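Asker: Sequence first, predicted model second:
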Amino acid sequence: MPTEQPIATPAQPPAPRPAPGAPLIRPARAEDEPALAALDAATWSTLHAVTPRPVPPFPPFFRPERGPEAHLVAEVPETPGRPVGYLRLVPSLPLPANAHVRAIQGLAVDPAVRGRGVARALLRAAVARCRAEGARRLTLRVLGHNTPARRLYESEGFAVEGILPEEMFLDGAYVDDVLMGLVVHPEE
């Protein structure tokens, strides 16, 4: 009597390795705080910041409402363990009716590694986290004159959902506040 033989399945290919020099994205850790505070201060610009220029002593980077768990951190291979970028991902509003929406409330990349895909990798990791958490939408606000950021967001599928004309007054000029969003579908 013949016995059943299991059906042979091809071996699973190994997980793709990041390209040499590609950023590694990980959750933030409490010990990242000094490096993230320094990065935040070093990248301050009226191109994206609406708060006054930070001056020492810098306030804590992590706060009770936005601790390490609300941040993704980027590293590059040549400086392992040293954050070169971060993205802050938080609930959009503290309301049960809005629990399905996440908001990006900060993204910064060390100028020394700009152009290497760090911000794009952070955005993609944020979208993946939203899907894993069951969120349906991801939103952000960007200043109208921040063309590089707007192009990046649009290239990743974000759409302009509203514009608040002349909402900010920075460096002697009125600047639009652009609301952007992306529909993400939770993992099934």
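Answerer: Structure received.

Asker: Show the residue spans covered by the strands in the chain.
Answerer: Per DSSP state E, the chain carries strands over the ranges 24-27, 71-75, 85-91, 101-109, 137-143, 159-170, 173-183.

Asker: Check which residues of the longest one are buried.
Answerer: Pointing back at strand 159-170 there. Using 16 or more other C-beta atoms under 10 Å as the test for burial, strand 159-170 gives 167, 168. C-beta: built from backbone N, CA, C; applies to glycine.

Asker: contacting residues for the residue nearest to residue 104 when sequence neighbours are not counted?
Answerer: Once flanking residues are discounted, residue 104 sits nearest to residue 140: 4.1 Å by C-beta to C-beta, 6 or more residues apart in numbering. Residues near residue 140 by C-beta atoms under 8 Å, 6 or more residues apart in numbering: 103, 104, 105, 153, 158, 179, 180, 181.

Asker: give me the beta-bridge partners of the residue nearest the centre of the chain?
Answerer: The structure's the chain has its C-alpha centroid closest to residue 87; by C-alpha atoms, centre = their mean the separation is 3.3 Å. Under DSSP bridges, the beta-bridge partners of residue 87 are residue 72, residue 107.
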